[in-house]
Structure formats: structure tokens, C-alpha cells
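Novice: Just the structure for this:
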Amino acid sequence: MAQANEILTKFQENENSWQFVDIILENSSNNNAKFIALSILDNTVTNRWKILPEDQKSGIKEYITNLVISLGKSEVANTTGGPLLTKLNQTLVSIVKHEWTTTWKDFISEICEASKTDQGLCENTMNILKLLSEEIFDFSKNEISSKKANELKETMTDQFASIYELCVFVLNTYIENSANVKKALVKS
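Specialist: Residues are numbered from 1 along each chain as shown. The predicted structure is shown next:
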């Protein structure tokens, strides 16, 4: 056990270990290994995003987005894979905080529109929006500059119409056919 912990610690400290996250996520059946891999990637996004080449940023963004969509649609992921999906969501939010006001200005409209296609995805979108708003309005004080926090707050305020439309969509869907919408989604 001590040797395994030593190897794991060395792997986590290696600045290139994030490049193996996709292999771990796709090939490991151990959720702890997947969680550790996502933690490594989230740490890279949080601390090294600005120095990564654009093609690597784009690849990470696309990979995480596709994985969030895939797991978000899965009913099993929303019930049993919660911690893993939550970590993916956190990693996506970390990316959004860097890219939203520059290269991913349509993030809110994209995520809100896509979530209308699947109930699990819609539920996960509500979780992502909650995480994003918490990051911007509650927890951003220690992680990002006040200028960046204000820019993100302004962007969220400007794009709130898409979020509102999604909430109206959820409520209308619930009113029209309550069997199609989980009560937990309405609580979000």
C-alpha cells in the first residue's frame, strides 16, 4: 500500500500526468482512479491553463464537454456516478472561468439549448449552472482577480435570459407532463 501511494504521489506531481487522463478515464474501471485523474486535470486547468498551447486547451475543452454530455445523459451517472460527474462538472466550470469571456462567449446559450434534448442532461446543466454561479458570486474571491470576477458576473448577468428560458422550459415541461421531469430537477 505504501508503494502504491508513493507511485500515485509521484504521478500526481508530474507536470505532464494530465496528458494521461483520457486513457485513465476510458480504460479504468476503478472510480477512485478516475477521480484522481480528473483531479489532476482540474489542477492543470486551474493552475496551468494560461501556459498551455491553444490546441491542447481546445482538446481538453472538447474532451471534457463530450464526457459531461455523455455522462450527463446517462441515468446511471446521475444516480451512481455522482462524484465522478460532479468532478467533471467542476473541471468544466474551471475551463469556463478561463474561456467564457474570450473564446467561449456562447457557453450559456449552448449548454441551455443542448439541455432541452435530454432530461438527464438538463438536470446536469442545472448543476453546472449552479456550480458556475457559486464560483462567480460566492467563491471567486480567492481564486480569481476582482476584475475577472466582475467580468464573469457581468457576463452571467447579460446572458441570464438563456438560463431563465431553460427554467421556464423545465417548468412548462413539468406542468405539461410531470412524469417526464424529476422532482429533483424542479428543486434545482
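Novice: so what secondary structure elements neighbour the lengthiest helix in the chain?
Specialist: Longest helix in the chain, counting residues (DSSP state H): helix 54-73. Here helix 54-73 touches helix 31-48, helix 82-99, helix 119-134, going by 3 or more Cβ pairs under 8 Å, 6 or more residues apart in numbering; DSSP states H and E. To be clear about C-beta, it is placed using only N, CA and C from the backbone, and glycine gets the same treatment.
Novice: buried ones in that helix?
Specialist: Lys57, Ile60, Lys61, Ile64, Thr65, Leu67, Val68, Ile69, Leu71, Gly72, Lys73 (16 or more other Cβ atoms under 10 Å).
Novice: any residues touching that helix, and which ones?
Specialist: Helix 54-73 has contacts (Cβ atoms under 8 Å, 6 or more residues apart in numbering) with 22, 25, 41, 44-45, 49, 52, 77-78, 81, 84-85, 88-89, 91-92, 95, 99, 104, 114, 118, 120-121, 123-125, 128.
Novice: One more pass at 6 Å, please.
Specialist: Ala77, Leu85, Leu88, Thr91, Leu92, Ile95, Asp118, Gly120, Leu121, Asn124 (Cβ atoms under 6 Å, 6 or more residues apart in numbering).
Novice: Let me know the closest of these to Asn16.
Specialist: Thr91 (17.6 Å; Cβ to Cβ).
Novice: any idea how far the closest residue to that closest one other than its chain neighbours lies from Asn66?
Specialist: Nearest residue to Thr91, sequence neighbours excluded (Cβ to Cβ, 6 or more residues apart in numbering): Asp42, at 4.4 Å. Going from Asp42 to Asn66 by Cβ to Cβ, to the nearest Å gives 17 Å.
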